[in-house]
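sequence first, predicted model second:
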Amino acid sequence: MASSGPVSELTAHLGYWLRQVSNHVSQAFARKLEAQDVTVAEWVVLRELHDADAIAPSQLAERLGMTRGAITKLADRLIVKQLLARSADSRDARAQKLALTARGRKLVPKLAQLADHNDAEFFGHLTQAEHQFMERVLRDLVDRHRLHVVPVS
C-alpha cells in the first residue's frame, strides 16, 4: 500500500517522550515498592487512607477512579498483609469501612519516602523553575483532558 505522505518519526511525538519517562519512573518506583512487598496499586490505596478515618470502599473507589471490584481485591490483599482492616459501619451494619492498621499507618511514611527518593532520582536535576513549569504543564494536560483516574500501573 502506498504512503499518502511523509511518516513522522517516532521521536517527533511528545507522547513518545512522556511514555519513555513515565515507564522508567513508574518501573523504578514499582521495584522499590516490591522490596517492601507492596504494589503500586496497593501504595495508592494505603496513601489515600493515610489521611482519612475509616471510609467506605465505594468512597475509596470514587476518590481513586477505580471500580468497587478493584478496591475489594486490593483491600483483600492488604488485609492479608495486615496493612488494612475491614469493619462494619457503626451506623449501618450492612455497610463496611476500610482503615489502615497500626502496621499500615507505620508503613506509609516509609513508602512515601521511597516515592520522594524516586522522584529525586529522576527529577532532582531540574531547577525549581523547571520543576514548577513541568508540573504546571502536566496538571494542565490532566485538567484539559479530564484525566482524573489515579494511575496505578
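Thanks, I have it. Numbers count the residues shown, from 1 in each chain.

and stretch 63-71, C-alpha only, in CSV?
This file holds the C-alpha atoms of stretch 63-71, laid out as CSV (Å, rounded to 0.1, in the frame of the first residue of the first chain):
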residue,chain,number,x,y,z
ARG,A,63,-11.8,9.0,45.1
LEU,A,64,-9.3,6.9,43.1
GLY,A,65,-11.4,6.5,40.0
MET,A,66,-11.4,2.7,40.4
THR,A,67,-14.2,0.1,40.4
ARG,A,68,-15.6,-1.3,43.6
GLY,A,69,-14.4,-4.7,42.5
ALA,A,70,-10.8,-3.4,42.1
ILE,A,71,-10.9,-1.8,45.6
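
contacts for that stretch, please.
Contacts to stretch 63-71, defined as Cβ atoms under 8 Å, 6 or more residues apart in numbering, come from residues 41, 44-45, 48, 57-58, 60-61, 98, 148-150, 152. Backbone N, C-alpha and C define where each C-beta goes, glycine included.

now with 6 Å, please.
57-58, 60-61, 148-150 (Cβ atoms under 6 Å, 6 or more residues apart in numbering).

now stretch 135-153
By Cβ under 6 Å, 6+ apart, the list of residues contacting stretch 135-153 from outside reads 40-41, 44, 64-65.

recalculate using a threshold of 8 Å.
Stretch 135-153 is contacted by residues 26, 40-41, 44, 64-66 when judged by Cβ under 8 Å, 6+ apart.

from the residues you listed, which one has the minimum pLDDT?
Lowest-confidence member of the contacts of stretch 135-153: G65, scoring 88 (pLDDT).

what's the closest non-adjacent residue to that residue?
Spatial nearest neighbour of G65, chain neighbours left out: V149 (3.4 Å); criterion: Cβ to Cβ, 6 or more residues apart in numbering.

where does that neighbour fall, phi/psi-wise?
Per-residue torsions, V149: phi -80, psi 130 (degrees, to the nearest 10).

neighbours of it, how many?
A count of nearby residues for V149, using other Cβ atoms under 10 Å, gives 9.

any idea how far I55 is from it?
The span separating V149 from I55 equals 18 Å under the rule Cβ to Cβ, to the nearest Å.

mind listing the strands for the protein?
Secondary structure of the chain, counting by DSSP state E: strands at 84-88, 96-100.

related to what we said a few turns ago, sort out which of the contacts of stretch 135-153 are in helices and list them.
Under the assignment DSSP state H, the contacts of stretch 135-153 contribute 26, 40-41, 44, 64 to helices.
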